[in-house]
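*Asks:* here are the coordinates; sequence isn't available:
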């Protein structure tokens, strides 16, 4: 059974490496193992992977490496595939 977690994020911009940078608006310790997980849109379209979680422990920043040439609205709800 697949488990998906809604990521409560807001979009900040793009890094010099081309990764999308987000800030968590809600966070709990159970989400700390998100590194490397697939990121999907509400329609379950794969858009990339979480590359890094960094910054403050309570509301960290999240870097997502987007699949090349993939277009999506960075302000849409995003989900992480946990299994």
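*Replies:* That came in fine, so what should we check first? Here the structure is a predicted model, which means the values were calculated and not measured. Residues are numbered from 1 along each chain as shown.

*Asks:* any idea how far residue 58 lies from residue 26?
*Replies:* According to Cβ to Cβ, to the nearest Å, residue 58 and residue 26 sit 10 Å apart. C-beta: built from backbone N, CA, C; applies to glycine.

*Asks:* wait, doesn't residue 76 sit right on residue 41?
*Replies:* Yes. Using Cβ atoms under 8 Å, residue 76 is in contact with residue 41, at 5.8 Å.

*Asks:* Compare the two (neighbour count), which wins?
*Replies:* Remark: of residue 76 and residue 41, residue 41 carries more neighbours, 15 against 11, as counted by other Cβ atoms under 10 Å.

*Asks:* beta partners of the more buried one?
*Replies:* Per DSSP bridges, the residues bridged to residue 41 are residue 78.

*Asks:* How much space separates it from residue 57?
*Replies:* Taken as Cβ to Cβ, the span from residue 41 to residue 57 is 27 Å.

*Asks:* which residues of this structure score low on pLDDT?
*Replies:* 1 (pLDDT under 70).
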